[in-house]
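**Student:** Take a look and give me a structure for this.
(2 chains)
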Number of protein chains: 2
Amino acid sequence: MRVIKETRQMFRLTEALRRQGTTIGFVPTMGALHDGHCALIRAARRQSRTVVVSIFVNPLQFGPREDFTRYPRDLTRDMHLAKAAGCDVVFAPDASQIYPSGFCTSVEVAGLGDRFEGAARPGHFRGVATVVAKLLTIVHPTDAWFGQKDYQQAAIIQRMVLDLKVPSTIRIMPTVREADGLAMSSRNVYLTPEQRAQAPALYRALSWGKRHILDGERHAARVEAGMRRMVQEQPLLDPDYLAVADAKRLEPMSAIRGRAVLLGAVRVGTTRLIDNVLVDVP
Amino acid sequence: MRVIKETRQMFRLTEALRRQGTTIGFVPTMGALHDGHCALIRAARRQSRTVVVSIFVNPLQFGPREDFTRYPRDLTRDMHLAKAAGCDVVFAPDASQIYPSGFCTSVEVAGLGDRFEGAARPGHFRGVATVVAKLLTIVHPTDAWFGQKDYQQAAIIQRMVLDLKVPSTIRIMPTVREADGLAMSSRNVYLTPEQRAQAPALYRALSWGKRHILDGERHAARVEAGMRRMVQEQPLLDPDYLAVADAKRLEPMSAIRGRAVLLGAVRVGTTRLIDNVLVDVP
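**Tutor:** Numbers count the residues shown, from 1 in each chain, chains lettered A, B, ... in the order given. Sure, this is the predicted structure:
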C-alpha cells in the first residue's frame, strides 16, 4: 500500500491511472477508522481497480468550540485498517497541502444544509462541501463512497456533485452499527462507560419512530414527540433534534408520505452523536 | 468545427482527448465575440492541440436589474468568428444543461470579490466563480484563457483554481483596444455615437494615472482624484470607482508601491464600462 502526502503527486497518480482506463474508488475519511469506514473501503474494493482512502482531519468543518484538536488521530493504526480492507493508496495530506496560504474559496449548497446539523454547526457543511470538492478534484475518482450515518452530508455532497458536474458517482452505504444498535462513529471513543450504555437509545428511538410510521402513524409531530421522550428517558442524553423530514429535500414534514428520513442528534456530555433511518410510506 | 450543446457530450469528448494526451485550450465566453475574445482563441490555438470555446450567457452573474435579457446574442456570427480564430469545438449549452432543476451549489472567493465590481454588482462574482468552476470541470482543459480587461474576475478565477486544485492553468492576456484606446467589450454596442465618442476618457484617465505614478507620484488619493476629474470632464460619463489597488490582493493602497492596478468603472447612460492598467513601482 502506498502513502501519498502531496496533492500534486496524488493528482498525477490517479490522472495516469484514469488515462489507462482504470476505475478508481475513493473513500474520504478523517481517519479514526472504524468498521463503518472499512465497509466503505471494502465496497470500493469490490467495484474498483484502484482504491484510494484519504485521511485528513479537515479544520474547515469544525466550529471554533468543537473537537478539532481532540479528534482522534492515529495514522499507523488507520493505515493497517485501510490496508486490511483493501486500500491501495492512502492520501494523507497536511493542512497546508489542502489549504495553501491565502486560501479563500468556499463551496456552499444552499437549502439542504440550512437545518439540522447545518443549524447546530454553522459553517460545518460549507467546510465539508469545500474539502470534498477539492478531494474529488485531486483524486478524480470514478466512484466515491460515503456512509448513510451522515445523511445530510451525503445529500449535500450528492447535490454538489450534480450541480458542479463533478465526474464521479457518489455511492451511499448503509450505517454500520454496534451489536446494541449504536451507529459506529469515531466520536464514540469519547463516551464514558455510563454514556456508552445510554447512547443506543438514539437508534432505539429512531427505530420506534419508523415502526410507528409503518404501523400507520402519519403525524410527524406525534412521531417526533415520541422519539424525544424515548431519548429523554436516558438521563445522560440531551436531545438536540429528533425530526421527520422529506428524504430528498431535507425539509420538515407535517403529514408523512413518500420517502421520509428520521433524523436525530443528541448531546452526551461534550460529545454529539447523530443517527438516522429511512422509511418509505406507500 | 464541431458544436456541442450537451454537457455530457462535451465532457466525454475532452475526457477522451486528454486520455490520449492531447492538450486542450479553453476560452469561456458569453458570446458577442470581439477582437479581445479572438485574441484569446488565437493564443489558445498557438498552445493547444484542441481549442474549445464556450458560449453561454450565464444568468447567475447578472443582477436582477442588469442587462441579461438584452445582452447581445448571435450564435451564427460567433461561430464564424470563433472558427476563423482557430476554434475546434464550440460548447453552447442551454441554461438547463448548466443549471439543472434544483441547482443550489455556489462557489465563492472571499475577500478578492468584496470591492470594486463585487461591491457594485452583488452576487456577480459568485455567479462567475460558480459557472467557471463548472465549465472547467466539464471541459477540463489543460489551459484556460481570460482577458485582463476583467481584472478582478481574472484574479478571482486564479485564486479559485489554486484553492480548489483545479488542474488547469489560467492564462491572462492583455486587453485588446480600439484605435482610440477604448477597451473592447461586448457592451460597447450599447453606446450611442455621442457616448462612444466620450468613452475613451476612461482609458485616458487610467493611462494618465499610470504615467503620473511612473513620474514619481506615490499618493493613491491624488492619482485617484486626478483620474476621476479626467473622466468627469466628459458630461456623459458618470464615474463609479477610479482606484489604485494592490495588484494581487485587490485592496486599496494609500502609498503606492510594488505592483499596483489602476481600476476604473464608469456608467454611460444605462451601460457600465470597466477598464484597468497595471503599473510596477520600484
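**Student:** C-alpha from now on. contacts and neighbour counts both.
**Tutor:** Fine.
**Student:** Which residue is the nearest non-sequential neighbour of A:Ala144?
**Tutor:** A:Phe26 (4.6 Å; C-alpha to C-alpha, 6 or more residues apart in numbering or on different chains).
**Student:** Got phi/psi on A:Thr142?
**Tutor:** Dihedral pair for A:Thr142: phi -70, psi -50, per degrees, to the nearest 10.
**Student:** Which residues are in contact with it?
**Tutor:** By C-alpha atoms under 8 Å, 6 or more residues apart in numbering or on different chains, the contact list for A:Thr142 reads A:23-26, A:167-169.
**Student:** Let's have the residues you listed in TSV, adding neighbour count.
**Tutor:** Formatted as TSV, those follow (neighbours: other C-alpha atoms under 10 Å in any protein chain shown):
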residue	neighbour count
A:Thr23	18
A:Ile24	23
A:Gly25	29
A:Phe26	31
A:Pro167	19
A:Ser168	20
A:Thr169	15
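**Student:** can you list those residues in a markdown table and add secondary structure and pLDDT?
**Tutor:** Shown next, in a markdown table, are the contacts of A:Thr142 (DSSP: H, G, I helix; E, B strand; the rest coil; pLDDT from 0 to 100):
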| residue | secondary structure | pLDDT |
| --- | --- | --- |
| A:Thr23 | coil | 97 |
| A:Ile24 | strand | 98 |
| A:Gly25 | strand | 98 |
| A:Phe26 | strand | 98 |
| A:Pro167 | coil | 94 |
| A:Ser168 | coil | 97 |
| A:Thr169 | strand | 98 |
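**Student:** quick one: which of the residues you listed is nearest chain B?
**Tutor:** Using C-alpha to the nearest C-alpha, A:Pro167 is the member of the contacts of A:Thr142 that sits closest to chain B, with 7.8 Å.
**Student:** Let me see the contact set for that closest one.
**Tutor:** Each residue near A:Pro167 by C-alpha under 8 Å, 6+ apart is listed here: A:140, A:142, A:161, B:137.
**Student:** Those in helices, which ones?
**Tutor:** When DSSP state H is applied, the contacts of A:Pro167 are split such that A:161, B:137 fall in helices.
**Student:** Most neighbours among the contacts of A:Pro167, which one is it?
**Tutor:** A:His140 (22 neighbours; other C-alpha atoms under 10 Å in any protein chain shown).
**Student:** Retrieve the pLDDT associated with the residue nearest to A:Ile256 when sequence neighbours are not counted.
**Tutor:** In space, and not counting its chain neighbours, A:Ile256 is closest to A:Arg218: 4.9 Å by C-alpha to C-alpha, 6+ apart. For A:Arg218, the pLDDT comes out at 97.
**Student:** Isn't A:Arg218 up against A:Arg257?
**Tutor:** Yes. Assessed by C-alpha atoms under 8 Å, A:Arg218 is found in contact with A:Arg257 at 7.4 Å.
**Student:** What segments of the stretch 1-150 of chain A are helices?
**Tutor:** Secondary structure of the stretch 1-150 of chain A (DSSP state H, counting those that start in this stretch): helices located at A:7-19, A:35-47, A:75-85, A:95-98, A:117-120, A:124-139.
**Student:** can you give me the strands in chain A?
**Tutor:** Ranges of strands within chain A are A:2-4, A:24-29, A:50-55, A:89-91, A:105-109, A:143-147, A:169-173, A:237-246, A:258-268, A:271-281, based on DSSP state E.
**Student:** In TSV, list the ones you listed along with distance to B:Gly102.
**Tutor:** What follows is these, written out as TSV (distance: least, C-alpha to C-alpha, whole Å):
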stretch	distance to B:Gly102
strand A:2-4	37
strand A:24-29	26
strand A:50-55	30
strand A:89-91	33
strand A:105-109	11
strand A:143-147	22
strand A:169-173	18
strand A:237-246	15
strand A:258-268	18
strand A:271-281	22
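**Student:** and of these, who's closest to B:His34?
**Tutor:** Closest of the strands of chain A to B:His34 is strand A:105-109, at 30.7 Å (criterion: C-alpha to C-alpha).
**Student:** relative orientation of that closest one and helix A:124-139 in degrees?
**Tutor:** Here the directions of strand A:105-109 and helix A:124-139 differ by 110 degrees (axes from the mean of the first three to the mean of the last three C-alpha atoms, to 10 degrees).
**Student:** Restricting to C-alpha, output strand A:105-109 in PDB.
**Tutor:** What follows is strand A:105-109, C-alpha atoms only, in PDB (Å, rounded to 0.1, in the frame of the first residue of the first chain):
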ATOM      1  CA  THR A 105     -12.600  29.800  -1.800                       C
ATOM      2  CA  SER A 106     -15.600  28.000  -0.500                       C
ATOM      3  CA  VAL A 107     -18.300  25.800  -1.900                       C
ATOM      4  CA  GLU A 108     -21.800  26.000  -0.500                       C
ATOM      5  CA  VAL A 109     -25.000  24.100  -1.100                       C
END
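**Student:** ok, A:Pro122 - contacts?
**Tutor:** Residues near A:Pro122 by C-alpha under 8 Å, 6+ apart: A:Gly63.
**Student:** separation between it and A:Asp114?
**Tutor:** A:Pro122 is 9 Å from A:Asp114, where distance means C-alpha to C-alpha, to the nearest Å.
**Student:** again with A:Leu202
**Tutor:** Distance of A:Leu202 to A:Asp114, computed by C-alpha to C-alpha: 22 Å.
**Student:** And the two? Which one has more around it.
**Tutor:** Neighbours were counted for A:Leu202 and for A:Asp114 using other C-alpha under 10 Å; A:Leu202 has more, 30 against 17.
**Student:** was I right about the more buried one contacting A:Leu263?
**Tutor:** No. Under the contact definition of C-alpha under 8 Å, A:Leu202 does not touch A:Leu263, with a separation of 9.7 Å.
**Student:** between the two, what contacts are shared?
**Tutor:** With C-alpha under 8 Å, 6+ apart as the test, A:Leu202 and A:Leu263 both reach A:Asp275.
**Student:** Excluding chain neighbours, what is closest to the single nearest residue of the stretch 151-282 of chain A relative to chain B?
**Tutor:** Nearest residue of the stretch 151-282 of chain A to chain B: A:Leu164, at 5.0 Å (C-alpha to the nearest C-alpha). Leaving aside its sequence neighbours, A:Leu164 sits nearest to B:Lys134 (C-alpha to C-alpha, 6+ apart; 5.0 Å).
**Student:** next one: A:Arg249
**Tutor:** The spatially closest residue to A:Arg249, leaving aside those adjacent along the chain, is A:Leu112, at 6.4 Å (C-alpha to C-alpha, 6+ apart).
**Student:** Assess the claim that that neighbour and A:Ala155 are in contact.
**Tutor:** Yes. Using C-alpha under 8 Å, A:Leu112 is in contact with A:Ala155, at 7.5 Å.
**Student:** Flag every residue of the stretch 1-150 of chain A that's near chain B.
**Tutor:** Within the stretch 1-150 of chain A, the positions near chain B by C-alpha under 8 Å from any C-alpha of the partner chain are A:18-20, A:98-100, A:103-111, A:130, A:133-134, A:137-138.
**Student:** and the two most separated of the contacts of A:Pro167?
**Tutor:** A:Thr142 and B:Thr137 (14.1 Å).
**Student:** wait, isn't A:Leu75 in contact with A:Gly31?
**Tutor:** Yes. Using C-alpha under 8 Å, A:Leu75 is in contact with A:Gly31, at 7.2 Å.
**Student:** Those two: which is more packed in?
**Tutor:** Here A:Leu75 and A:Gly31 are set side by side on neighbour count (other C-alpha under 10 Å), and the busier one is A:Gly31, at 23 against 16.
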